[in-house]
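# What follows is a protein structure lacking sequence information:
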């Protein structure tokens, strides 16, 4: 599902096969784009921690929370 997601410049994500759309923030957009590139959770956390100059553990908690939401909605396994 995630691979087919389209995100516009206003942060609206659309999944054509489900016909649903929703608003996402800039960080969620970055995480989704990194997932589409084939990055795993650890790589995503490292990239975001470096980019935003934040503690790895702190970013890991936030990314893990987002992954739980993606799983809940069936967007990742």
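Cool, the structure landed. These numbers come from a predicted model, not from an experiment.

# isn't there a strand covering residue 14?
Yes: counting by DSSP: H, G, I helix; E, B strand; the rest coil, residue 14 is located in a strand.

# Name the nearest residue to it, sequence neighbours excluded.
Spatially, and ignoring its direct neighbours in sequence, residue 14 is nearest to residue 21 (4.3 Å; Cβ to Cβ, 6 or more residues apart in numbering). C-betas here are computed from N, CA, C, even on glycine.

# what is the mean pLDDT for the strand or helix carrying residue 42?
Residue 42 is part of helix 41-52 when elements are defined by DSSP states H and E. Mean pLDDT, computed over helix 41-52, is 97.

# any idea which helix or strand comes after that helix?
helix 56-72.

# avg pLDDT for stretch 3-16?
Averaged across stretch 3-16, pLDDT comes to 92.

# what's that stretch in contact with?
Residues outside stretch 3-16 that contact it (Cβ atoms under 8 Å, 6 or more residues apart in numbering) are 1, 17, 20-26, 29, 32-33, 36, 75.

# That stretch: end-to-end distance?
Start-to-end span of stretch 3-16 (Cα to Cα, to the nearest Å) is 11 Å.

# Stretch 25-45 now?
17 Å.

# Tell me which residues are up against that stretch.
In contact with stretch 25-45 (Cβ under 8 Å, 6+ apart) are residues 2-3, 5, 7, 11, 13, 24, 47-48, 56, 59-60, 62-64, 66-67, 76.

# Buried residues of that stretch, list them for me.
By 16 or more other Cβ atoms under 10 Å, the buried positions in stretch 25-45 come out as 28, 29, 30, 31, 32, 34, 35, 44, 45.

# picking up where we left off before, buried by neighbour count, from the contacts of stretch 25-45: which ones?
5, 7, 13, 24, 47, 48, 59, 60, 63, 66, 67.

# Columns distance to residue 40 on top of the residues you listed, output as JSON lines?
As requested, those are exported to JSON lines (distance: Cβ to Cβ, whole Å):
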{"residue": "5", "distance to residue 40": "18"}
{"residue": "7", "distance to residue 40": "20"}
{"residue": "13", "distance to residue 40": "21"}
{"residue": "24", "distance to residue 40": "20"}
{"residue": "47", "distance to residue 40": "11"}
{"residue": "48", "distance to residue 40": "13"}
{"residue": "59", "distance to residue 40": "14"}
{"residue": "60", "distance to residue 40": "12"}
{"residue": "63", "distance to residue 40": "11"}
{"residue": "66", "distance to residue 40": "14"}
{"residue": "67", "distance to residue 40": "10"}
